[in-house]
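Novice: What would the 3D arrangement of this be:
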Amino acid sequence: MVEFTGERVIPGQVDDDLLNEHLARYAFAVRLASGKRVLDAGCGAGYGSAELVKSALSVTGVDIAAEAVGFAREHYRLPNLHFEQASCTALPHRNAAFDLVVAFEVIEHLPDWRAFLVEVRRVLTPGGQFIVSTPNKRYYAESRARAGPNPFHAHEFDFAEFRTELESIFPHISLFLENHAEGVVFRPLDAGAAAEVRVDGGDPPPDESHFFLAVCAHSPQTAIATFVYVPKAGNVLRERETHIALLEAELRQKNTWLDETRQSLAQLDQKHRGLQAELEESNRWAQRLNTELDKASAAIAELDRENLTKTEWAERLDAELEAKARELAQCVEYLHTSEKTVEERTRWAQQLDAEVQQLRARLSLVEASRWVRLGRRVGLGPAAPSQ
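Specialist: Alright, predicted model coming up:
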């Protein structure tokens, strides 16, 4: 299934108004296709090729998009109609292969549209015709003022440029202005009755036309009369009423969406206000927390200062204790030295006392000796010291 993207018309996926604009061009071309070999360049979905083959000898539809060619082959299967995937600027056909080439709403899609015109001249027979259409650049820009430029268009033409470019390739050109005009149609129930068309007004202004169409040829052409196409769905008022009904339904749907959106916005606004209140409360809490943090930071700074003072005091105390410890160790060393001296002197005193005792014992012995006593009496011998 080919999806409608705006690049090409897909029957069943566009409204009748748009489809009729495209079918009208093929209806115009059918009158010139009778018994001819026809090339539909840029055939798209293939619905126009199927219209041409009703009077043509054969029709070849060419399009560069594989999905479009696949759609055309699937939906339009006729013995004298076939489709090819190819570029319009490099047609895979021999010279003078076709009596009629049509290219509706194609040329504005091609970056190298001049190469396309040269290719058409090459594959066209000397007596053949080329029918080409394109939207009026000025009108198209006005109609798409809100939507913006068509992203699928490479180059759009005004009337003067369109005519000049075609005349540079083909010596004979008949120009037409296509307009989707309002009209009043009286259709007899007798389908076989002849049709009579009346078109009022003077010469139509090209700049105000919707589309330009040209029939180009290598040789002079006979005059082609005004052509009016009345599609099956040709009741304009009914189409407009249907279109208005669709627009009104869309408007109601959009109003419903708008109401739902407004309700959603109101709910979001209420939620936003709640969130705003929560945010303000959070900000206040954060402010209080910041104040408490500032106080805590000040207290921590004071503690740091106290800790620094105490650390310095502890370091001084530690230094004093270390000095006292060294002094105490020195004292202990002195004490040990003194103890050794006392011990030595005690041992010396004890030894001296022992010697004294020995001397006293000897003295006692001497004093007890009768010879000593006799000597004392006669005044001889040393005097013994008193004890």
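
Novice: Leu166: helix or strand, and which one exactly?
Specialist: helix 159-167 (DSSP states H and E).

Novice: can you pull the buried residues of that helix?
Specialist: Buried residues in helix 159-167, counted by 16 or more other CB atoms under 10 Å: 159, 162-163, 165-166. For every residue, glycine as well, the C-beta is placed using N, CA and C.

Novice: Please identify which of those is nearest to Arg262.
Specialist: Phe159 (47.4 Å; CB to CB).

Novice: pLDDT value on the residue nearest to the closest one when sequence neighbours are not counted, please?
Specialist: Nearest residue to Phe159, sequence neighbours excluded (CB to CB, 6 or more residues apart in numbering): Pro206, at 3.8 Å. For Pro206, the pLDDT comes out at 81.

Novice: low-confidence ranges in the stretch 1-150 of the chain?
Specialist: 1-18, 144 (pLDDT under 70).

Novice: make it 80
Specialist: 1-22, 140-150 (pLDDT under 80).

Novice: What are the boundaries of the helices in it?
Specialist: 16-30, 47-52, 66-75, 113-123, 137-143 (DSSP state H, counting those that start in this stretch).

Novice: picking that back up, return the closest of the buried residues of helix 159-167 with respect to Leu365.
Specialist: Glu165 (169.4 Å).

Novice: Correct me if wrong: the closest one contacts His155.
Specialist: No. Using CB atoms under 8 Å, Glu165 is not in contact with His155; the gap is 10.0 Å.

Novice: Mutual contacts of these two, please.
Specialist: Common contacts of Glu165 and His155 (CB atoms under 8 Å, 6 or more residues apart in numbering): Trp113.

Novice: before we move on, the earlier item: could you check the angle helix 159-167 makes with the following helix or strand past the helix holding Leu166?
Specialist: For helix 159-167, the succeeding helix or strand toward the C-terminus, using DSSP H and E, is strand 172-178. If you take axes from the mean of the first three to the mean of the last three CA atoms, to 10 degrees, strand 172-178 sits at 150 degrees to helix 159-167.

Novice: Can you show me the CA trace of the next helix or strand after strand 172-178 as CSV?
Specialist: As assigned by DSSP H and E, the chain's next helix or strand after strand 172-178 is strand 211-217. Coordinates of each C-alpha in strand 211-217 appear next as CSV, following Å, rounded to 0.1, in the frame of the first residue of the first chain:
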residue,chain,number,x,y,z
PHE,A,211,-2.2,25.8,-13.5
PHE,A,212,-0.5,26.2,-16.9
LEU,A,213,-0.8,23.5,-19.6
ALA,A,214,0.9,23.5,-22.9
VAL,A,215,0.7,21.3,-26.0
CYS,A,216,4.1,21.3,-27.7
ALA,A,217,5.1,19.9,-31.1
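
Novice: With mean neighbour count and distance to Leu100 added, can I get the helices of the stretch 1-150 of the chain in TSV?
Specialist: Converted to TSV, the helices of the stretch 1-150 of the chain look like this (neighbours: other CB atoms under 10 Å; distance: least, CB to CB, whole Å):
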stretch	mean neighbour count	distance to Leu100
helix 16-30	19	7
helix 47-52	24	8
helix 66-75	17	18
helix 113-123	18	11
helix 137-143	15	26
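
Novice: For Arg377, which of these is the nearest?
Specialist: Proximity to Arg377, assessed across these by CB to CB, is greatest for helix 66-75 (170.6 Å).
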